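**Q** Dropping a prediction and its sequence here:
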2 protein chains.
Amino acid sequence: MGVTKTDLFTTEQNELAKVAKALAHPARIAIIQHLLKANACINSDLVQELGLAQATISQHLRELKEIGIIQGTIEGVSVSYCINPIKWKEIEGHFVTLFGQLSIISGGSCC
Amino acid sequence: MGVTKTDLFTTEQNELAKVAKALAHPARIAIIQHLLKANACINSDLVQELGLAQATISQHLRELKEIGIIQGTIEGVSVSYCINPIKWKEIEGHFVTLFGQLSIISGGSCC
DNA sequence: AATATTAATTGTAATATTGCGATGTAGATT
DNA sequence: AATCTACATCGCAATATTACAATTAATATT
């Protein structure tokens, strides 16, 4: 079938999975890391930086934009991309919540 | 083509992407959350809990086991799964490192 | 030994992702 | 207005993922 049964899960579970999916490609991690370093950049910078075709970079940027973790504004002839700090912190919060839930009361591995 | 060009990226980028991919499905998020709550459970528990077929749960468990975030030990006739706290903390660290890198020096959005 | 029980594996169909060339679009430049 | 520049979108081929029925494997139970 190949189609995820989203109706079986909570909105939060589906949301977190969607965010994880957006981060589930090394090119998109690399794009984010470049944006963290450079603060902002344009498509062609990333083509140079990553060595993928322009169309491919554009596609990855769209996926990151779709979950709101980055945003793009038209800057004359080009589009300047940067991280959306509000969404960034929001997503960070989701991960912190998930990872903070491990209680190592018993100490060490459980099985 | 459908094949990721891993050679263009660093080991860290590929590794983080792989971890994100393992979390990139609501069923796997749900499995992890159930393990956080219940401490340990078996395949059939999750079939009941999530409403997916046994084979499907088994497949998701394998993916989580492959990145080491969970582990399974044979418990008589069944297999008891639980979170691997060492790997859990390690992965948490990767995300903390990534999300901690946003410097909001300028304050607010950049573009 | 025969039969349950539990879960991994296999095979298959439907769908999604990755990557890129080609094309389209919109704001600059001459 | 014609051209250039930067990027998005389309269309395609290759590969990956999702889900499940059927089968297999291994341990318990009778």
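**A** Yes, it's here.

**Q** what's the first-to-last distance across stretch A:69-89?
**A** 9 Å (Cα to Cα, to the nearest Å).

**Q** Quick one: the helices in chain A, in order.
**A** According to DSSP state H, chain A carries its helices in the segments A:11-22, A:26-38, A:43-50, A:54-66, A:85-99.

**Q** The third one near chain B at all?
**A** It refers to helix A:43-50. Yes. Part of helix A:43-50 sits close enough to chain B to count as contact by Cβ under 8 Å from any Cβ of the partner chain, namely residue A:50. Quick note: C-beta positions are derived from backbone N, CA and C, even for glycine.

**Q** And stretch A:24-35, by the same measure?
**A** Yes. Figure legend: stretch A:24-35 in contact with chain B (Cβ under 8 Å from any Cβ); contacting residues A:24-30, A:32-33.

**Q** which one of those sits closest to DNA strand D?
**A** Of all the residues of stretch A:24-35 next to chain B, the one with the least separation from DNA strand D (Cβ to the nearest atom of the strand) is residue A:24, at 8.4 Å.

**Q** wait, doesn't that closest one sit right on residue B:15?
**A** No. Applying Cβ atoms under 8 Å, one finds residue A:24 not in contact with residue B:15, separated by 11.8 Å.

**Q** which one of those two has more residues nearby?
**A** Ranked by neighbour count (other Cβ atoms under 10 Å in any protein chain shown), residue A:24 and residue B:15 place residue A:24 first, with 22 against 16.

**Q** Among the residues of stretch A:24-35 next to chain B, which one lies nearest to DNA strand C?
**A** residue A:25 (3.9 Å).

**Q** For the closest one, which non-adjacent residue is closest in space?
**A** residue B:17 (5.4 Å; Cβ to Cβ, 6 or more residues apart in numbering or on different chains).

**Q** In contact with the one you found, which residues?
**A** Residue B:17 sits next to A:23-26, A:28-29, B:9 when contact means Cβ atoms under 8 Å, 6 or more residues apart in numbering or on different chains.

**Q** If we use 7 Å, what do you get?
**A** Taking Cβ atoms under 7 Å, 6 or more residues apart in numbering or on different chains as the definition of contact, the neighbours of residue B:17 are A:23-26, A:29.

**Q** Turn those into TSV, including distance to DNA strand D.
**A** Written out in TSV, the entries for the contacts of residue B:17 read as follows (distance: Cβ to the nearest atom of the strand, whole Å):
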residue	distance to DNA strand D
A:23	14
A:24	8
A:25	10
A:26	13
A:29	15
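
**Q** Name the member of these with the shortest distance to residue A:71.
**A** residue A:23 (16.5 Å; Cβ to Cβ).
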